[in-house]
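Peer 1: 3D, please:
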Amino acid sequence: MGNHRGYFRGALLFLALAVLCPAAGGPISDAVAEETYHLVIRGGRVVDPESGLDGVRQVGIIGGRVVALSEQPLRGRAVLDADGLVVAPGFIDLHVHGQDLKTSRYQVMDGVTTALDMEAGAYPVAPWYDSREGRSLNHYGVAVGHIPARVALKHGLEIGHLNTNPEWAKASTKFKEWAYEAVDDEQLTRLEALLEQGLEDGGLGLGLGIQYTPAASRAEIFRIFKLGARRGAPVFVHARFSGNQAEDGGVDAVQELLADAAASGASLHIVHVTSNGLGQTGTILDMVDGARARGLDVSVEAYPYPAASTYLQTAYFDPGWQQRYGISYQDLMWVATGERLTEATFESYRKQGGLVVIFMIPERIVELALRTPYVMVASDGLPFVTGQEHPRAAGTFARVLGRYVREQKLMSLTDALRKVSLMPAQRLEGYVPAMKRKGRIQVGADADIVVFDPDEIIDRATFEEPMQFSHGMVHVLVGGSVVVRAGALVEGVFPGQPVRRGRVPVD
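Peer 2: Residues are numbered from 1 along each chain as shown. Here you go, the predicted structure:
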């Protein structure tokens, strides 16, 4: 009976939209103009990256949906003034490890209405979703993580989401087999079953961090690609190698991924291309461009910073890292204290375990990725624990709009909004139909909306002081609920809903 009631409510809403709501930007009936909406966003410049709408409109919202776009005034029980401001779809971050309330406060102030971890992911998946219910400012979701599934296989530990599990932060310096021990045929079959169970439990795809699991053979990774193809699930990958070297560098790593995608038929998404590619990023993008032109379903993301960040105790810093990345100890910042490392402190902190910021990405490479049309933006933001983590968890999206759109004119506003909203939604919507309602401002779309000042929007988070809210984000709506009003967080509201394959109702 519950399902029938859900379908009935959905049908009623569909009929209401059909009767009340014209196409975006078209003439509006007197009945719509006289309707009283739950919320009206009044007089802003509405930009919809999919339809091309870019004009002053009134946005009428009922419940969690956009139900009217009008050139005429609309009546609302509540009204948000957007005169002189841009009204755009809420930003979708496909790659954020800060799946916690503390980090999400900074993310919504940066315009992120949907925060997903599609790289590291989680295992098991179902308990992780249960743990977030009713406790999130923005919508949330995860891929099925190859790393936590490997930990379960090798150590019998169910760590869930590794980046926000404090117990795993301690254990990761002790347990190493998950990263450095190969799997035999029987274990690979069990590993595949774990990953498939995660998909059954609603995981949004398959997430791999191959550089952190050097013992994962090419055969193991190809098997996971074949699972993704069989289930229609996209595969999100941190490539096997990083760096500029001719062998075992960024180009080699992406060649493996493109070959696996071509041979399996799986959909491939390459995360943070600039930090893996470094000086080879241009060649990698040429390769991806050619693959896409020949029919492969491949997408790419980047973040707008000249520094990466990861855990010092991982395989990322196995011997030879200086040569791989073209950096030295002084290019590493220990986030707990802000100090630059020496050989002695590197060895000490590597045994202890913890985060470093890695200054290694040339600015020209950042700009190259951002101006490439098919490269979308994702933060790779880590949870704020010490308060000195990489600023990308707080400032990624305002930095794109302020620094690269307004100041440097590297791309148009519409192109930038496409990279942070529509393109991420499209990357997932073939597997997760609920994403078809996100990344747009159209009648019937989810009311995940940002309202910002295009003349003021900018990031304030720095490497020295990362926990600073972005400036210029005036209003933010998540599912029709206001979480940022007049530039300030609204306290005590948790409207975030799970984004979950097969688990998100139509209404």
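Peer 1: Quick check: which ranges of the stretch 301-450 of the chain have low pLDDT?
Peer 2: Within the stretch 301-450 of the chain, no stretch has pLDDT under 70.
Peer 1: do the same with the chain
Peer 2: The chain contains residues with pLDDT under 70 at 1-34, 503-507.
Peer 1: So S309 is in contact with F359, correct?
Peer 2: No: with contact defined as CB atoms under 8 Å, S309 does not count as touching F359 (10.1 Å). C-beta here means a position set from N, CA and C on the backbone, and glycine is covered the same way.
Peer 1: So for those two, which sits in the more crowded spot?
Peer 2: Neighbour count, other CB atoms under 10 Å: between S309 and F359, S309 has more, with 24 against 17.
Peer 1: so how far is Q408 from the more buried one?
Peer 2: Remark: distance between S309 and Q408 (CB to CB, to the nearest Å) = 23 Å.
Peer 1: for V86, phi and psi?
Peer 2: Torsion angles at V86 (phi, psi; degrees, to the nearest 10) stand at phi -90, psi 130.
Peer 1: ok, now which ones touch R105?
Peer 2: The contact partners of R105, by CB atoms under 8 Å, 6 or more residues apart in numbering, come to L137, L489.
Peer 1: cool, the one 10 residues further on as well?
Peer 2: The contact partners of A115, by CB under 8 Å, 6+ apart, come to D93, V96, G98, Q99, S104, Q107, N138, H139, Y140.
Peer 1: Make sure Y349 is indeed in a helix.
Peer 2: Yes: secondary structure of Y349 (DSSP: H, G, I helix; E, B strand; the rest coil): part of a helix.
Peer 1: one step back: quick one: the contacts of A115 as CSV, columns for distance to G277, neighbour count and secondary structure too.
Peer 2: Compiled in CSV, those are given as follows (distance: CB to CB, whole Å; neighbours: other CB atoms under 10 Å; DSSP: H, G, I helix; E, B strand; the rest coil):
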residue, distance to G277, neighbour count, secondary structure
D93, 21, 30, strand
V96, 21, 29, strand
G98, 24, 28, coil
Q99, 26, 25, coil
S104, 29, 26, helix
Q107, 26, 27, helix
N138, 29, 28, coil
H139, 30, 25, strand
Y140, 29, 24, strand
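Peer 1: What is the nearest of those to T114?
Peer 2: Closest to T114 out of the contacts of A115 is H139 (4.2 Å), distances taken as CB to CB.
Peer 1: how near is that closest one to T173?
Peer 2: According to CB to CB, H139 and T173 sit 33 Å apart.
Peer 1: can you check E339 too?
Peer 2: Separation of E339 from T173 (CB to CB): 20 Å.
Peer 1: These two - which one has more neighbours?
Peer 2: Regarding E339 and T173, a neighbour count based on other CB under 10 Å identifies T173 as having more, with 16 against 12.
Peer 1: Angles on the backbone of the residue lying closest to that one once chain neighbours are set aside, please.
Peer 2: In this structure, T173 finds its nearest non-sequential neighbour in G353, 4.1 Å apart by CB to CB, 6 or more residues apart in numbering. The phi/psi pair for G353 (degrees, to the nearest 10) reads phi 90, psi 130.
Peer 1: Next up, the contacts around G353.
Peer 2: If a contact means CB under 8 Å, 6+ apart, then G353 has A169, K170, S172, T173, Y311, L312, Q313 as its contacts.
Peer 1: Narrow the residues you listed to those in strands?
Peer 2: Counting by DSSP state E, those place Y311 in strands.
Peer 1: quick check, nearest of the contacts of G353 to L191?
Peer 2: Using CB to CB, S172 comes nearest to L191 of the contacts of G353, at 18.9 Å.
Peer 1: The closest one: neighbour count?
Peer 2: 19.
Peer 1: and if you look at E465?
Peer 2: E465: 13 neighbours (other CB under 10 Å).
Peer 1: mind checking the SS state of it?
Peer 2: Classification of E465 by three-state DSSP places it in coil.
Peer 1: Distance check, it against A394.
Peer 2: In this view, E465 and A394 are 10 Å apart by CB to CB.
Peer 1: tell me which residues form a beta bridge with T114?
Peer 2: For T114, the beta-bridge assignment (DSSP bridges) gives partners I92, H139.
Peer 1: contacting residues for it?
Peer 2: Contacts for T114 (CB under 8 Å, 6+ apart) come out as G90, F91, I92, D93, N138, H139, Y140, G141, P424, K438, D448, V499.
Peer 1: And A149, by the same measure?
Peer 2: Residues near A149 by CB under 8 Å, 6+ apart: Y123, L191, L194, L195, G198.
Peer 1: okay but L162 is in contact with R150, surely?
Peer 2: No: L162 is beyond contact range of R150, at 10.7 Å (criterion: CB under 8 Å).
Peer 1: what about the two, which has more around it?
Peer 2: More neighbours surround R150 than the other of L162 and R150, with 27 against 24 (other CB under 10 Å).
Peer 1: Can you verify the more buried one is assigned to a strand?
Peer 2: No: going by three-state DSSP, the assignment for R150 is helix, not a strand.
Peer 1: Quick check: S470 touching D453?
Peer 2: No: S470 is beyond contact range of D453, at 11.2 Å (criterion: CB under 8 Å).
Peer 1: So between those two, which is more surrounded?
Peer 2: The neighbour count for S470 versus D453, taken as other CB under 10 Å, is higher for S470 (26 against 17).
Peer 1: Skipping its backbone neighbours, what lies nearest the more buried one in space?
Peer 2: A398 is the one closest to S470 (CB to CB, 6+ apart), at 3.5 Å.
Peer 1: That neighbour falls within a strand, correct?
Peer 2: No: under three-state DSSP, A398 sits outside any strand and is assigned helix.
Peer 1: Run a quick neighbour tally on it.
Peer 2: Using other CB under 10 Å: A398 sits among 26 other residues.
Peer 1: now swap in the one 10 residues further on and tell me
Peer 2: Applying the criterion other CB under 10 Å, we find 12 residues in the vicinity of Q408.
Peer 1: Helices along the stretch 51-200 of the chain, start to end?
Peer 2: Applying DSSP state H, counting those that start in this stretch to the stretch 51-200 of the chain gives helices spanning 101-109, 125-132, 146-155, 166-171, 177-180, 185-200.
Peer 1: er, the stretch 201-350 of the chain I mean
Peer 2: 218-231, 250-264, 273-277, 281-293, 321-325, 343-352.
Peer 1: Tell me the buried residues in the fifth one?
Peer 2: With burial defined by 16 or more other CB atoms under 10 Å, the residues of helix 321-325 counted as buried are W321, R324, Y325.
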